[in-house]
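Chemist: Mind folding the following:
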Amino acid sequence: MPGRLARRLSAPDAAFLYLERPNAPLHIGSLGIYEGGIPFDRFVAHIDSRLPLIPRYRQRAVFVPLSLAHPTWEDDPDFDVRNHIHHVTLPPPGNDRQLIELTGKLFAEPIDRNKPLWEMYVIHGLEHDRTGLLSKVHHCMVDGVSGIELLLAVVDLSPEPAPPPEAAPWQPAPLPRTAARLVDAFWDGLSQQREVWRDVVETVIDPRPRLRQAQDVFRALTTASPWLARPAPRTSFSVRLSPERQVAFSEMSFVEIREIRTSLGGTVNDVVLTILAGALRRYLTLHGNSVDGLDLRVAIPVNVRMEDEHGSLGNRISAMLTLLPIGEPDPAERLRIIRERLDQLKQESQAGTVELLTRLMSLTPAPLQALAGLAPPVNTLVNLICTNVPGPMIPLYSVGHLMLAHYPLVPLSFDMGLGIGVTSYNQRLYFGLMVDPNAVPDVERLKECLDKSFLELRDTAGVRPTDLPSFTGPSGNHGGEVAAAVAAERAD
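Modeler: Below is the predicted model of the structure:
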């Protein structure tokens, strides 16, 4: 990965540190399932050899006294790769249920801020001769897209590992003293003030560009006003978060997803959101909730990196805010509604609007942002976040072992007790459901609702099954069983 790394965290990156709570750690991650048994020591040596490609993995976030400026990335003088890669062995029988429970427990634990903000777990003892690799990276370091790029830096495209990059032995730079950090923060603040005054002078000389920016801000606030004026509907997913997390996984044929798109129209993302809306409808109905006319607000992160920014870490994301038609019973009509709503948002450049509002955050002084992070978490805008990040469509390997499955893991924050991560890998689509058990006490039932929603939409589109899910990961997808259940529902 290129070494274009800023030393001071940006306002959006720092926000993930300010908003983090013990009951709401803000790291992202994934669970990879690999063929065979990956030797722990060999894997540690492999990651150690790739660290020159990801220098941020040797740095930790150092806060400025009184939060006079955002934290900076500094070399960790005590860095040891073995403090970040851990070995876990499941007791017999080592089934998928045990793996799922372990994943939820490990992901619920915050990352130690006194070290570089990442962890990996090599999980042995899995039945069917498999190894699990659980990764956690703090959201202040990466977003979903840069997380995939990070993955590609530590895996290989063939069973034969690529030679490690040539690099001189790493020597950490000394940590700056408190006085130096205060002076640095002062000069950074002075530089920002200088930029503000330069903008003032330029506005006096030629006010037209600033007037256009003011129009953009006004348009952004006007577009967001319906969401700001009324809170999102309260559902059973809206809870005060506990420290506990539970997960469930699902996988689907990407070929079938594309064929559904071809048959019914829209994009792959439209199809994914339609499946999700159907799953939430089923789940809420099963729990006795009325869904008539119900629309749930969902935030969909959008990558806004420029072409020359790929390979850089940090967060370069915006979001589209849309409504999922939970109250619509017909899957084809549900897809049509979602497609039209997203098309309208794209025409209005809503993602650009949200990005502009996010950029305005940078104008807020760091001390005020840090203080805002201490306030009680309040969310009235959205019901859940669904992250859909395209991944590599070819097989990947780690120290010679084929990656069989790749499940995304997303954090929970504010009062959102449900989060959805979606990614593609090797012609399959992988779902990771992250829940607080106070909001979703039966996450496996929600996963079953997701599977049934997919099959219902596939049948509606007239798409024939292209394959049956192979027994590769803990998704528990057995196509015949779920299809039979859906057929029985329709017969009733």
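
Chemist: could you show me where the helices are in the protein, in order?
Modeler: Secondary structure of the chain (DSSP state H): helices at 11-18, 40-50, 96-108, 144-154, 178-205, 208-229, 254-264, 268-286, 331-347, 350-360, 366-374, 443-461, 479-491.

Chemist: For those helices, which has the smallest mean pLDDT value?
Modeler: With a mean of 47, helix 479-491 has the lowest mean pLDDT of the helices of the chain.

Chemist: Excluding covalently adjacent residues, which one is nearest to Leu273?
Modeler: Leaving aside its chain neighbours, Leu273 sits nearest to Ile338 (5.1 Å; criterion: CB to CB, 6 or more residues apart in numbering). All C-beta spots, glycine's among them, are computed from the backbone N, C-alpha and C.

Chemist: Could you tell me the average pLDDT over stretch 111-120, please?
Modeler: 96.

Chemist: ignore the last one, stretch 410-422
Modeler: Here the average pLDDT along stretch 410-422 is 95.

Chemist: CA atoms only for it - export them in CSV, please.
Modeler: Output of stretch 410-422 as CSV, limited to C-alpha atoms (Å, rounded to 0.1, in the frame of the first residue of the first chain):
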residue,chain,number,x,y,z
VAL,A,410,-19.6,-4.2,11.6
PRO,A,411,-19.9,-2.1,14.8
LEU,A,412,-23.1,-1.0,16.6
SER,A,413,-23.4,2.5,17.9
PHE,A,414,-26.0,4.9,19.4
ASP,A,415,-29.2,3.0,19.9
MET,A,416,-29.0,0.8,16.8
GLY,A,417,-29.1,-2.8,18.0
LEU,A,418,-28.7,-4.2,14.5
GLY,A,419,-26.0,-3.7,11.9
ILE,A,420,-25.6,-5.4,8.5
GLY,A,421,-22.4,-5.9,6.6
VAL,A,422,-22.3,-7.3,3.1
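
Chemist: Could you pull out the buried residues of it?
Modeler: Neighbour-count burial for stretch 410-422, with 16 or more other CB atoms under 10 Å as criterion, is recorded at 410-422.

Chemist: can you name the two of those that are farthest apart?
Modeler: Across the buried residues of stretch 410-422, no pair lies farther apart than Asp415 and Val422, at 22.2 Å, counting by CB to CB.

Chemist: need the contact list for the residue nearest to Leu273.
Modeler: 266, 270, 273-274, 277, 322, 324-325 (CB atoms under 8 Å, 6 or more residues apart in numbering).

Chemist: Tabulate the residues you listed in a markdown table, adding columns for distance to Gly373.
Modeler: A markdown table is the format used below for these (distance: CB to CB, whole Å):
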| residue | distance to Gly373 |
| --- | --- |
| Gly266 | 38 |
| Asp270 | 35 |
| Leu273 | 30 |
| Thr274 | 36 |
| Ala277 | 32 |
| Thr322 | 27 |
| Leu324 | 29 |
| Pro325 | 34 |
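
Chemist: Out of these, who's the most crowded?
Modeler: With neighbours taken as other CB atoms under 10 Å, the top of those is Thr274, carrying 30 neighbours.

Chemist: quick one: that residue from Arg339, how far?
Modeler: As for Thr274, its distance to Arg339 is 8 Å (criterion: CB to CB, to the nearest Å).

Chemist: Could you tell me which residues touch both of those two?
Modeler: Gly266.

Chemist: quick check, distance from stretch 416-424 to the centre of its chain.
Modeler: Taking the mean of its C-alpha atoms, stretch 416-424 sits 7 Å from the chain's own mean (CA atoms, centre = their mean, to the nearest Å).

Chemist: do the same with stretch 154-164
Modeler: In this view, stretch 154-164 has its centroid 25 Å away from the chain centroid, taken as CA atoms, centre = their mean.

Chemist: And for that stretch, what's in contact with it?
Modeler: So stretch 154-164 is contacted by 46-47, 49-50, 52-54, 394, 396-403 (CB under 8 Å, 6+ apart).

Chemist: Between those, which sits nearest Gln171?
Modeler: Nearest to Gln171 among these, with distances taken as CB to CB, is Pro52, at 12.6 Å.

Chemist: which one is the closest one nearest to, not counting chain neighbours?
Modeler: Ala167 (3.8 Å).

Chemist: and the end-to-end length of stretch 61-75?
Modeler: One end of stretch 61-75 sits 9 Å from the other (CA to CA, to the nearest Å).

Chemist: Can you point out the buried residues in it?
Modeler: For stretch 61-75, by 16+ other CB under 10 Å, it's 61-64, 67-75.

Chemist: Repeat that for stretch 116-128.
Modeler: For stretch 116-128, the neighbour count (16+ other CB under 10 Å) marks 116-126 as buried.

Chemist: before we move on, what about stretch 9-29?
Modeler: 9-20, 23-29.

Chemist: rewinding a little: could you pick out which of the buried residues of stretch 61-75 are located in strands?
Modeler: Of those, the ones assigned to strands by DSSP state E are 61-62, 72-75.
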